[in-house]
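Visitor: Okay, sequence plus prediction incoming.
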Number of protein chains: 2
Amino acid sequence: MSVQASHPLQTGLTFDWLKLITELKTILDPERVISKPEELLVYECDGLTSYRQMPALVVLPRSTEEIAAVIQRCHQYRVPFVARGSGTGLSGGALPVENCVVIATTLMKRILEIDLENRYMVVQPGVINTWITQAVAAQGYFYAPDPSSQSVCSIGGNVAENSGGVHCLKYGVTANHILGLKVVLPDGEILELGGKIPEMPGYDLVGLFVGSEGTLGIATEITLRLVKTPEQIQVLLADFDSVEAAGSTVSDIIAAGIIPAGMEIMDNFSINAVEDVVNLGYYPRDAAAILLVEVDGLPLEVEEASEQVKALCFKNGARQVQTASDAEERLRVWKGRKAAFAAMGKLSPNYYVQDGVIPRSQLSLVLAEIERLSREYGYPVANVFHAGDGNLHPLILYDESVPGSLEKVEKLGGEILKLCVQLGGSISGEHGIGADKRCYMPEMFAAADLETMQWVRQVFDPEHLANPGKIFPTPRTCGEAAHAHAQWEGIPAF
Amino acid sequence: MSVQASHPLQTGLTFDWLKLITELKTILDPERVISKPEELLVYECDGLTSYRQMPALVVLPRSTEEIAAVIQRCHQYRVPFVARGSGTGLSGGALPVENCVVIATTLMKRILEIDLENRYMVVQPGVINTWITQAVAAQGYFYAPDPSSQSVCSIGGNVAENSGGVHCLKYGVTANHILGLKVVLPDGEILELGGKIPEMPGYDLVGLFVGSEGTLGIATEITLRLVKTPEQIQVLLADFDSVEAAGSTVSDIIAAGIIPAGMEIMDNFSINAVEDVVNLGYYPRDAAAILLVEVDGLPLEVEEASEQVKALCFKNGARQVQTASDAEERLRVWKGRKAAFAAMGKLSPNYYVQDGVIPRSQLSLVLAEIERLSREYGYPVANVFHAGDGNLHPLILYDESVPGSLEKVEKLGGEILKLCVQLGGSISGEHGIGADKRCYMPEMFAAADLETMQWVRQVFDPEHLANPGKIFPTPRTCGEAAHAHAQWEGIPAF
């Protein structure tokens, strides 16, 4: 799957890259235009390391105007560009395409405005997710969507992929927290979408842009909602003899009308992986599953909800339920969950994370089927999931150096995704489609639905310069899926 | 502002309406194709009664397929069509355009699927808002967005206008509760947008469609989220010596991290209007303002939050705070608020409702300015508003039979909207733009932003057949605003 093209400056392509470089160096300082292959190497992939592609150039703008000027040049010469934040995405959304300019927002890390009375902040796209909360925590506010990578991932990347996180069960994903965007379109035009209050009239172009994975342009200023920090937070850790029991506890909690801030399940494999690597000494290694439930709100409310959650855990056969109330204990409990992906990386040469969604009622069925597929393919699969949202993250462990293993693992991941779709779910909960899952889009959407999305894209990017080849299946990259695609009428080829 | 064109069947227009009628009668039963002027009369306006226009025809389909077949004919003959639910909209979204076919969803009132485990319902667009809750209330669920007209308005109209309501402070507007849509596009094609779980990958076309006011097509099946009914609900009614004190109580409540289900302010004028008409005997006639706060959740949570709200009311100088806990008392408290618009209708020959949004911090300033404008123009203005959302509903009372009064009242309403925009707010919180406010769109959006919206529309409706002339300013209907519009490039004229 790895496409290792030579660098255009070495292959003597007809397009005059040196001319473009010279022009870009007049827009940006020369040191903010990167063209040496050895310096470009770090940009050849994002968090989906199994796909790699060298870009032709990387630029490091500082402002909306600089991005607009760079994109105007790309548009003029019909050179594709790919936006990149911290490069932590897991679906290859920031994977370069051949002969492209990567526009990295690394230097756009300024907080531009904070208005606590009206609960919003305006930031540049390179700002790191946790910085937002850090800037207003002392005043009692936080930014809710919290991907596991939140200490390193950028808000621009969160907007592109409509990122989720542990707390999205109660607070909603990124799309629910973005009020306005300043964006640069693929022809270099600057637009203002939305504003500083929610629910503006007219078409919801902010909603359209969030989650569009860099294919409609680049967000250069982001106005986001701040949420009041709850007075009290408590985390419960329950352990169970079966994953099913943990799953039905989740259903019972939701049915009781309680909306925890987060509700996560980890299976025995994940528990032990985390304990092996992080040495918490806190997760019960012999449990078939643990359930983590975070409850927040006013003090009595938290007490009341926690008691109810605890009772429902025991009703479903929990062996024990531990409670973490102070900030330090809570961090300790969450540490294992947040370290789960990294733990797999230490246990196995490689791992492949999937990100499927199922209706909550199908949880037991899907987990049993994942176990069956794991045995059939001969690869261990660890399960860590946002149980409240039905958002699964099966982690498939493999060794890339064994020939053919990546293909098999991708096939296994694909079977899990198809199962999710069959059950009325989705092929992505929070990681996006990117380069990784575009071939599965026709499993989920009718040709006419995908065609309509592509027509909308045409409005913003008729030349397909903005992160081309992402989200939508293409004849070159997707087998059967592409076949259906090729029959669509009217959409110009990529 | 009233445009009373003759009926096309009487004017002998060149287009062969009789041929279209004959064809439509083969698609639908003949009695579901209405063409007699006296029967068409009820369709000449919606809740914005100051605008009227007779349609050429009205059809009453029963299914997606029938709507698709009707629209295919409209497309074939390039006849514009306007979707209509219950016709309770307040911005003229369902106002017919000249020589159009009105597609009324009156007969599409079936609930198609209820899945409580996965918390969704699939309904036809003519289903009345309250019916949804009624269908699942016994099982402990409800549908959250609750416009004041909820006992008569249709869910299709709610989707078109992205309706709000008293409970949207906590639960969000219609857009937050729609998971999927089956839609018929303006060429008759049937599309499925979204699904039965939230946050599907790809572009958020559901979000784009919700609030598009019938200009992108017609939603024919709607999958909506159900919410668990809170265990306990309490409504507090506080009265104040000044509107400012009520306003700062709202800010204090929000700042304390409490999110009430609803938070409404009514000024003295509204209080007395409601008492005169509904005779509640419950609202304090001598209060400058009353604040209604509904708190819901688990029993202890409600108790705790209510105590805090009460304390904050007194801190801000409330004269007294009454509490309504049982369902009957609560209904009684809300009855006055929900009857406010109707009360104005009884007190004054006519009233004009505006629907502006301001950042919460600007509340006092805006109310003072509305009072000044009221005196300057010489029309009484009653204020009823969703205070938690900063969503104002100034009700301007006037007598249409006095020549020139409607124009003056509209000008006064326009000044209020411009003020909202200047302060960083919006010209519509929940009623939509429709025919009424399109001329103010350039106050709020740059030409390039409006142009982008129009280009998106082109994808769905290149011939401008779906509810043309709504949302966007047009040269014919908007003076100065149209001037800016006329300078846009590339968008075909309407």
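Guide: Sure thing, it's come through.

Visitor: Sketch out the low-pLDDT regions of the stretch 351-494 of chain A for me.
Guide: Residues of the stretch 351-494 of chain A meeting the criterion pLDDT under 70: A:479-494.

Visitor: Strands of that one, residue ranges please.
Guide: Assigned by DSSP state E, counting those that start in this stretch, the stretch 351-494 of chain A shows strands spanning A:356-357, A:381-386, A:391-398.

Visitor: Contact residues of the stretch 101-250 of chain A facing chain B?
Guide: By CB under 8 Å from any CB of the partner chain, the residues of the stretch 101-250 of chain A that approach chain B are A:115, A:117-118, A:140, A:162, A:164, A:173, A:175-176, A:185, A:189-193, A:195-205, A:207-208, A:210-212, A:228-231. Where C-beta positions appear, they are placed from N, C-alpha and C, glycine not excepted.

Visitor: Which ones among those map onto strands?
Guide: Judged by DSSP state E, strands contain the following of these: A:Asp115, A:Ile190, A:Leu191, A:Glu192, A:Leu193, A:Lys228.

Visitor: Quick check: chain neighbours aside, which residue is closest to A:Leu395?
Guide: Nearest residue to A:Leu395, sequence neighbours excluded (CB to CB, 6 or more residues apart in numbering or on different chains): A:Ala382, at 4.4 Å.

Visitor: That neighbour: how many residues sit nearby?
Guide: If you count neighbours by other CB atoms under 10 Å in any protein chain shown, A:Ala382 ends up with 27.

Visitor: One more: A:Asp115?
Guide: When neighbours are defined as other CB under 10 Å, A:Asp115 has 15 of them.

Visitor: you'd agree it is up against A:Met121?
Guide: Yes: contact criterion CB atoms under 8 Å: A:Asp115 and A:Met121 qualify, at 7.4 Å.

Visitor: Nearest the middle, which residue of chain A would you pick?
Guide: Closest to where the C-alpha atoms of chain A average out (CA atoms, centre = their mean) is A:His431, at 3.0 Å.

Visitor: ok, is stretch A:70-83 in contact with chain B or not?
Guide: No: between stretch A:70-83 and chain B, judged by CB under 8 Å from any CB, nothing touches; the nearest distance is 14.8 Å.

Visitor: For that stretch, list the C-alpha coordinates in PDB.
Guide: Extracted in PDB, the C-alpha atoms of stretch A:70-83 (Å, rounded to 0.1, in the frame of the first residue of the first chain):
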ATOM      1  CA  VAL A  70       0.300  30.100  -1.100                       C
ATOM      2  CA  ILE A  71      -2.900  28.600  -2.300                       C
ATOM      3  CA  GLN A  72      -3.300  31.200  -5.000                       C
ATOM      4  CA  ARG A  73       0.000  30.100  -6.400                       C
ATOM      5  CA  CYS A  74      -1.000  26.400  -6.200                       C
ATOM      6  CA  HIS A  75      -4.200  27.200  -8.000                       C
ATOM      7  CA  GLN A  76      -2.400  29.200 -10.700                       C
ATOM      8  CA  TYR A  77      -0.100  26.200 -11.400                       C
ATOM      9  CA  ARG A  78      -2.700  23.500 -10.700                       C
ATOM     10  CA  VAL A  79      -0.500  22.000  -8.000                       C
ATOM     11  CA  PRO A  80      -2.400  20.000  -5.300                       C
ATOM     12  CA  PHE A  81      -2.000  21.000  -1.700                       C
ATOM     13  CA  VAL A  82      -2.600  19.100   1.500                       C
ATOM     14  CA  ALA A  83      -3.200  20.800   4.900                       C
END
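
Visitor: buried stuff in it?
Guide: Within stretch A:70-83, the residues that count as buried by 16 or more other CB atoms under 10 Å in any protein chain shown are A:Val70, A:Ile71, A:Gln72, A:Arg73, A:Cys74, A:His75, A:Val79, A:Pro80, A:Phe81, A:Val82, A:Ala83.

Visitor: Confirm the fourth one sits in a helix?
Guide: So the one you mean is A:Arg73. Yes: according to DSSP: H, G, I helix; E, B strand; the rest coil, A:Arg73 belongs to a helix.
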